[in-house]
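**Student:** sequence and predicted structure, then a few things I'm wondering about:
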Amino acid sequence: MNKSTAIVCLDVGEKRIGVAVGDSAIRIAVPFETIDVDGNEVQSIAEIVTKEHADVLVIGYPRNQSGEPTKQTQFVEEFAGKLSNIAQNIVFQDESLTSVIAEQQLKSYNRPYSKADIDAQAATIILQDYLESKYA
């Protein structure tokens, strides 16, 4: 049996960062929380990675509909550089349309939700995509 890998996933935005967690053995991504971008976000992510004993940090990778990098892609790449000492393995995962899908999923629950909920749900979708592509 393969060793289980704990994974934390980030949906990085300029105001908030959605966080999801998962495990390679179970292969189910779960929304964890949302972090406000307020100058303490790198420390908050470090605490989550440590608490979850994460071996991998997955970061949603934005591109436009043609698959080309955008201004947000550069922002995410620069932010990922700040996390290089936090996790032993940082990987990017395509995040195309995840916020749209996340909002559709939350609407289907017929309960109130916030923009922070959308961000955490988007991180969950990104992580689920990663788990299915890497561990299926």
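**Tutor:** Everything's here; your move.
**Student:** all strands of the chain, in order?
**Tutor:** 6-12, 16-23, 30-36, 56-61, 90-94 (DSSP state E).
**Student:** which residues does stretch 31-38 contact?
**Tutor:** 8, 13-21, 41, 44-45, 48, 116-117, 119-121, 123-124 (C-beta atoms under 8 Å, 6 or more residues apart in numbering). Using the backbone N, CA and C atoms, a C-beta is placed for each residue, glycine as well.
**Student:** just stretch 83-96 next, same as before
**Tutor:** 8-9, 11, 42, 45-46, 49, 54-63, 65, 76, 80, 122, 126-127, 129-130, 133.
**Student:** measure the residue lying closest to Tyr130 once chain neighbours are set aside to Ala6 for me?
**Tutor:** Using C-beta to C-beta, 6 or more residues apart in numbering and skipping residues adjacent in sequence, the residue nearest Tyr130 is Gln93, 4.4 Å away. Using C-beta to C-beta, to the nearest Å, we find Gln93 at a distance of 16 Å from Ala6.
**Student:** and Glu47, how far is that from Ser66?
**Tutor:** Distance check for Glu47 against Ser66: by C-beta to C-beta, it reads 37 Å.
**Student:** which one's more surrounded, those two?
**Tutor:** Glu47 (13 against 5; other C-beta atoms under 10 Å).
**Student:** more neighbours: which of Gln93 and Ala6?
**Tutor:** Ranked by neighbour count (other C-beta under 10 Å), Gln93 and Ala6 place Gln93 first, with 20 against 15.
**Student:** tell me the mean pLDDT for the longest helix anywhere in the chain?
**Tutor:** Longest helix in the chain by number of residues, with DSSP state H as the criterion: helix 115-135. The average pLDDT within helix 115-135 is 95.
**Student:** what residues of that helix count as buried?
**Tutor:** Buried residues in helix 115-135, defined by neighbour count with 16 or more other C-beta atoms under 10 Å: 116-131.
**Student:** for Thr70, see how far away the closest residue in space to Gly60 that isn't next to it in sequence is.
**Tutor:** Of all residues not flanking Gly60 in the chain, Glu95 sits nearest, at 3.3 Å (C-beta to C-beta, 6+ apart). Distance, Glu95 to Thr70, by C-beta to C-beta: 11 Å.
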